[in-house]
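1. Following is a predicted model, sequence given first.
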Amino acid sequence: MEDDEIKKALIENNELLMVLSHFSLAKLDYAKNIKIYTSIPQMNVNIYIDRLYDMGLIEKYQGSSIKRTEAKLKKTNEVHKHHTYYEITNKGHYILKDITEREYIKYIGIECLRLLALKRLRKEKSEACDKLYKMGLLNKEYELTPMGEAVLDLAKRRQIKIL
């Protein structure tokens, strides 16, 4: 999978992006712990870990014990492995760092930008609203998230004709 395809997949699925972001924060973790920190259902976390692994963004940790210096969210100094631990790869760091408002604008059309700009259009709850929700630009109440505000702000600064 090429980097642009990976970025598009991450942008289009905010939960997948959240799992990768969690690895950036935790450095080293396992599925059940990710579920606790991200509030994503366990079954979905397992699917997302498999997808990230197939994309080459995370890899299995090879050590026999985990130290707190390696796993930032561990509470004890050292534990023996009881789960399959994964860690983010350099490619994962690179891709995650590259996902900004600019990348979002590449993958959403003018119709979606209009929905971000005009609250009255979001009340209709169209497929485009669902797409923006899945991307993490709108919350459950179809209000702008911080990333949604950043994308809209960048579109306005670039003077993209929304209206």
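-> It's in. Numbering: from 1, shown residues only.
2. Strands along this structure, start to end?
-> Taking DSSP state E, the strands of the chain run over residues 28-29, 58-60, 65-67, 78-80, 86-88.
3. Determine the set of other helices and strands touching the first one.
-> In this case it means strand 28-29. Packing partners of strand 28-29 (3 or more Cβ pairs under 8 Å, 6 or more residues apart in numbering; DSSP states H and E): strand 86-88. C-betas here are computed from N, CA, C, even on glycine.
4. Which other helices and strands does the strand it packs on contact?
-> Strand 86-88 is packed against helix 14-26, strand 28-29, helix 42-55, strand 58-60, with contacts defined by 3+ Cβ pairs under 8 Å, 6+ apart.
5. still on that earlier bit, just give me the lowest mean pLDDT stretch among the strands of the chain.
-> Least confidently modelled of these is strand 78-80, at a mean of 53 by mean pLDDT.
6. Look up the closest residue to the residue positioned nearest the centre of the chain, ignoring the ones flanking it.
-> Geometric centre of the chain, nearest residue: residue 17, 1.5 Å, by Cα atoms, centre = their mean. Excluding its sequence neighbours, the residue lying closest to residue 17 (Cβ to Cβ, 6 or more residues apart in numbering) is residue 10, at 4.6 Å.
7. Count the neighbours of that neighbour for me.
-> Neighbour count of residue 10, defined by other Cβ atoms under 10 Å: 25.
8. try residue 159
-> Residue 159 has 7 neighbours, counted by other Cβ under 10 Å.
9. same thing with residue 61?
-> For residue 61, the neighbour count with other Cβ under 10 Å is 19.
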